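Visitor: sequence? don't have it. structure:
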């Protein structure tokens with residue numbers, strides 16, 4: 001498994017044939033074009049805005065259509081300008097109604113505690129000498145000042161309100177109410193609850209109609225998607241054209257394409273005025289990378305892309321990460337039944353989102369991780385938190401269970417997790433050693449050998465709690481080698497500084513190894529939680545049928561569902577952390593960019 005081998009292509013031709021060449025390149029869909037011009041102008045703002053608008057429209061209509069129970073049949077034809085106008089008008093009304101609805105609902109919530117009344121009726125009462133007043137205050141102030149003041153009213157009511165002024169007072173006075181009050185007066189609302197309810201219902205109806213209209217527009221999704229591709233193509237052509245090198249009547253272009261498809265590039269321009277020259281990339285070239293992995297390894301590319309892409313001169317790290325990621329995830333999850341559930345869930349998601357190119361690789365990754373968890377969980381002898389070795393029927397095959405269960409032998413599993421850490425870090429150093437020898441960086445190779453010696457014999461000293469010479473002496477030799485060859489500079493000062501920094505990082509190396517204890521911690525916690533859920537459910541079940549027989553299955557379902565969900569998150573995050581922080585840094589440089597050919601492949 002390795003990165004796709006790339007070739008570098010130069011294209012040159014008469015300037016008057018530039019646009020024709022760019023159009024042919026777009027149709028070919030093979031060349032990752034790089035800018036040759038010293039100053040590349042920005043594309044027109046109007047075109048960038050048009051692409052962004054088209055993308056927003058397509059994204060919105062896709063979401064609308066995905067949420068429809070019975071979407072109408074797709075329509076391939078339509079006037080895109082007219083459809084965009086309908087979309088913009090509908091969306092503008094919908095957004096306006098949603099904003100107004102939010103304000104109405106806020107006003108309704110503020111008025112609701114005071115009760116349902118008509119402001120017109122309050123004004124009518126004032127004309128007959130009956131005055132209704134609304135006040136805001138706090139519970140403490142109401143208790144201190146309210147008694148004397150409210151005695152002047154012939155009726156009052158206190159309601160609870162949210163916020164710092166958490167008490168509302170409605171008071172009715174016969175005759176002119178007091179001018180001086182210990183409370184803050186709230187003005188008479190302009191609308192009643194009944195009026196607000198009608199307005200809220202009207203706005204919700206308008207929003208529903210707008211949503212229905214957007215649902216109708218989603219039937220024209222192929223038209224909008226075609227429009228999006230057109231404007232994206234125009235923008236891509238403008239960017240490629242702007243990056244061309246022009247010198248008088250001639251233009252030149254630089255790009256990269258897979259070496260296996262070199263003949264297609266030459267065939268596309270055979271018989272034209274455009275000259276094509278191909279060569280292997282130079283060491284200083286910023287070559288785009290493309291992965292070349294099989295179906296079992298390909299889903300792990302999702303993780304590599306999330307972290308950092310390798311550069312062209314590095315090996316493909318996917319195959320170097322995949323087995324460790326699967327094993328770590330399985331040990332952190334640590335339950336065979338959970339692994340089977342994860343596989344079934346991921347399989348369902350794969351079938352449901354098979355058209356979603358963004359999410360599909362992640363769901364396939366979960367499928368593979370589910371298989372790892374199933375196998376490792378059964379090796380550990382755990383199914384839904386139940387220890388398989390405890391069953392009499394399985395006593396004869398106890399040796400098949402790798403570690404029995406976490407709870408039974410936690411110390412054994414702790415040291416096993418550290419051994420895994422030493423092994424993976426050592427693999428990282430071996431990879432770095434091989435790469436250094438291939439690149440003829442012999443001092444770096446010697447420094448790496450020093451680190452490997454420190455790791456192995458340092459682990460023996462810590463695990464055995466001894467400073468025996470057979471471990472201490474090789475470790476000190478490794479530190480000496482690392483100190484001398486940490487820097488390849490001829491400057492003694494730089495070598496001493498790099499060596500001193502390396503000695504400081506020795507503690508970090510063993511910190512990296514100790515980080516693998518998280519495999520032990522997560523696996524142990526997952527197993528204990530599953531076991532506790534089982535014990536709680538069994539405690540609820542009495543000798544005779546009763547309520548416990550009803551609630552025990554509910555507890556089992558919700559308890560294991562919670563443990564299952566939390567274990568997925570923890571196992572995924574911490575397994576990735578071990579790979580990308582403790583392991584990657586030993587050999588990985590990164591900084592590559594993904595191969596993105598101009599145009600669409602036929």
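Guide: It's in. Note that this is a predicted model, so its numbers are computed, not measured.
Visitor: pLDDT weak spots in the stretch 451-600 of the chain?
Guide: Scanning the stretch 451-600 of the chain for pLDDT under 70 picks out 542-548, 600.
Visitor: could you redo the last one with a cut-off of 90?
Guide: Applying pLDDT under 90 to the stretch 451-600 of the chain flags residues 451-557, 559-560, 563, 567, 576-577, 579-592, 596, 598-600.
Visitor: mind listing what the residue lying closest to residue 464 once chain neighbours are set aside touches?
Guide: Leaving aside its sequence neighbours, residue 464 sits nearest to residue 471 (Cβ to Cβ, 6 or more residues apart in numbering; 7.6 Å). Using the backbone N, CA and C atoms, a C-beta is placed for each residue, glycine as well. For residue 471, the contact set (Cβ atoms under 8 Å, 6 or more residues apart in numbering) comprises 457, 460, 461, 464.
Visitor: mind doing that once more with 6 Å?
Guide: Contacts for residue 471 (Cβ atoms under 6 Å, 6 or more residues apart in numbering) come out as 457, 460, 461.
Visitor: reduced to three states, what does the last one come out as?
Guide: For residue 461, the reduced secondary structure class is helix; criterion used: DSSP: H, G, I helix; E, B strand; the rest coil.
Visitor: quickly note the distance from the residue nearest to it when sequence neighbours are not counted to residue 594.
Guide: Of all residues not flanking residue 461 in the chain, residue 471 sits nearest, at 4.7 Å (Cβ to Cβ, 6+ apart). Look at residue 471 and residue 594: by Cβ to Cβ, to the nearest Å, they are 46 Å apart.
Visitor: got the phi/psi numbers for residue 136?
Guide: Backbone torsions of residue 136, given as degrees, to the nearest 10, read phi -120, psi 140.
Visitor: how much space separates residue 222 from residue 64?
Guide: Distance of residue 222 to residue 64, given as Cβ to Cβ: 15 Å.
Visitor: more neighbours: these two, which one.
Guide: Taking other Cβ atoms under 10 Å, residue 222 and residue 64 do not tie; residue 64 has more neighbours (19 against 13).
Visitor: I'd assumed residue 214 was in contact with that one.
Guide: Yes: Residue 64 is within contact range of residue 214, at 4.9 Å (criterion: Cβ atoms under 6 Å).
Visitor: could you list the domains of the protein?
Guide: What automatic domain parsing lists as the domains of the chain is 117-191, 298-586.
Visitor: now do the same end-to-end measure for the longest one.
Guide: Domain 298-586 has an end-to-end distance of 23 Å (Cα to Cα, to the nearest Å).
Visitor: the residue lying closest to residue 447 once chain neighbours are set aside: neighbouring residues, count only.
Guide: Ranked by Cβ to Cβ, 6+ apart and with sequence neighbours excluded, the top spatial neighbour of residue 447 is residue 485, at 4.0 Å. Using other Cβ under 10 Å, residue 485 is surrounded by 21 other residues.
Visitor: residue 485 touches residue 444, doesn't it?
Guide: No: using Cβ under 6 Å, residue 485 is not in contact with residue 444, being 7.4 Å away.
Visitor: which SSE is residue 313 in?
Guide: Residue 313 belongs to no helix or strand when assigned by DSSP states H and E.
Visitor: quick one: neighbours of it, just the number.
Guide: When counting by other Cβ under 10 Å, one arrives at 16 neighbours for residue 313.
Visitor: next, give phi and psi for the residue lying closest to it once chain neighbours are set aside.
Guide: Excluding the flanking residues, the one nearest residue 313 by Cβ to Cβ, 6+ apart is residue 283, at 7.3 Å. The phi/psi pair for residue 283 (degrees, to the nearest 10) reads phi -60, psi -30.
Visitor: got it, and residue 32?
Guide: phi -80, psi 100.
Visitor: per-residue pLDDT of it, please?
Guide: Note on residue 32: pLDDT of 91.
Visitor: my read: it touches residue 288, true?
Guide: Yes: counting by Cβ under 6 Å, residue 288 is a contact partner of residue 32 at 4.7 Å.
Visitor: okay, and the common contacts of those two?
Guide: Counting by Cβ under 6 Å, 6+ apart, the residues touching both residue 32 and residue 288 are 256, 595.
Visitor: hmm, back to that, the residue nearest to residue 447 and residue 142: what is the separation?
Guide: Distance from residue 485 to residue 142, by Cβ to Cβ: 79 Å.
Visitor: now tell me which helix or strand of the protein has the poorest mean pLDDT.
Guide: strand 386-387 (a mean of 74; mean pLDDT, DSSP states H and E).
Visitor: what helices or strands is it leaning on?
Guide: Contact partners of strand 386-387 among helices and strands, from 3 or more Cβ pairs under 6 Å, 6 or more residues apart in numbering; DSSP states H and E: none.
Visitor: any idea of the mean pLDDT in the next helix or strand after it?
Guide: Using DSSP H and E, the helix or strand that follows strand 386-387 in sequence is helix 410-438. The average pLDDT for helix 410-438 rounds to 86.
Visitor: returning to what we had before: tell me the strands beside the least confident helix or strand of the chain, with direction?
Guide: Paired neighbours of strand 386-387 in the sheet (DSSP bridges): strand 382-383 (antiparallel).
Visitor: how far does the partner strand sit from its chain's centre?
Guide: With Cα atoms, centre = their mean, to the nearest Å as the basis, strand 382-383 stands 30 Å off its chain's centre.
Visitor: what does it contact?
Guide: So strand 382-383 is contacted by 334, 335, 336, 337, 405, 527 (Cβ under 6 Å, 6+ apart).
Visitor: state the pair within these that is farthest apart.
Guide: 337 and 405 (13.4 Å; Cβ to Cβ).
Visitor: ok so, going back, tell me which element the residue nearest to residue 464 is part of?
Guide: Using DSSP H and E, residue 471 maps to helix 469-485.
Visitor: got the buried residues for that helix?
Guide: 471, 474, 475, 478, 479, 481, 482, 483, 484, 485 (16 or more other Cβ atoms under 10 Å).
Visitor: in this structure residue 533 contacts residue 559, no?
Guide: Yes: assessed by Cβ under 6 Å, residue 533 is found in contact with residue 559 at 3.4 Å.
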